[in-house]
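> here is my input, please return the structure:
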Amino acid sequence: MDLIRTEIADHIAVVTMDAPPVNAVGLQFMEEMIASFDRLNDLPDVRVVVLTGAGKCFSAGADIKDRLSRKEEPGTYWAHARRARELSYSIVENKKPIIAAVNGPALGAGLGIAVSCDILMCSENASLGLPEVDVGLMGGGRHTMRLFGHSLTRRMMLTGYRVPGPELYRLGIVECCVPREQLMEEAMKMAATIAAKSPIATKMAKQAAQTIEFMTLRDGYRFEQNLTRELSQTDDAKEAMRAFAEKRPPVFQGR
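Residues are numbered from 1 along each chain as shown. I've put the predicted structure just below:
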């Protein structure tokens, strides 16, 4: 991996996008991101992931220079579009909870990466934006609609407006907005809280969250009840109940 770095300790994987100068999303970047998150799916020692960017930018979005230099062959566009979707799916559908530590601008495809994560935290210099209208592109609007309201989403799509970190916090889009030097500390605290939980329970909680989002209340509640039944049969669930009754911290084995 040349552009994506992964470090693992204490059940936490820190994935850093490191494609200077602005972590632009090009072909190699997408392939390495997908491979990194696919690998994390299969690492039992990893219970939670923190995703951030190297430098002052989370990700500035599509690599325009790469697009201009790439020779367009029949089928090239469709392959690129499919790969971009798979990049998002590799995060959304990942079995592990993923925290976005947005350390600077997350624009276009970079916004898509950030909002595909489960929990968003940002620094005061961060922003989310859709600059596609200014560079002859489209995309990211549907991702944005998951978090933003009708008018603001369209403002972002039609004007390229970037929502600054403090405003993201005021709107409830992110869980915290702190000075840049404090962001990873806060993200790691959140990650440690999740890593202390049963990995089976957090896996099922993420599965439930991403599934019930598109269900009716009745169907969603039934889906969660079925997962509850499945979870209750695990050793971790039984240990959680025993620990609660005995007033002690649980010791989870992931089974």
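
> residue boundaries of the helices in the stretch 101-250 of the chain?
109-115, 141-145, 150-159, 165-170, 183-195, 199-212, 217-232, 235-246 (DSSP state H, counting those that start in this stretch).

> what sits against Met184?
Contacts for Met184 were tallied using C-beta atoms under 8 Å, 6 or more residues apart in numbering; they are Val50, Thr52, Ala101, Asn103. To be clear about C-beta, it is placed using only N, CA and C from the backbone, and glycine gets the same treatment.

> surely the last one meets Ser123?
Yes: taking contact to mean C-beta atoms under 8 Å, the distance of 5.2 Å between Asn103 and Ser123 places them in contact.

> any common contacting residues for those two?
Both Asn103 and Ser123 are contacted by Arg180, Leu183, under the criterion C-beta under 8 Å, 6+ apart.

> neighbour count winner among the two?
Between Asn103 and Ser123, counted using other C-beta atoms under 10 Å, Asn103 has the larger neighbour count: 28 against 25.

> ok, the more buried one - contacts?
Thr52, Gly53, Lys56, Cys57, Phe58, Cys122, Ser123, Asn125, Ala126, Arg180, Leu183, Met184.

> how about 6 Å then?
Applying C-beta atoms under 6 Å, 6 or more residues apart in numbering to Asn103 gives the contacts Thr52, Gly53, Phe58, Ser123, Leu183.

> check Ile91 too.
By C-beta under 6 Å, 6+ apart, the residues touching Ile91 are Phe37, Ile98, Ser116.

> including pLDDT and distance to Arg146, could the contacts of Met184 go into a markdown table?
Formatted as a markdown table, those follow (pLDDT from 0 to 100; distance: C-beta to C-beta, whole Å):
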| residue | pLDDT | distance to Arg146 |
| --- | --- | --- |
| Val50 | 98 | 20 |
| Thr52 | 98 | 21 |
| Ala101 | 98 | 19 |
| Asn103 | 98 | 21 |
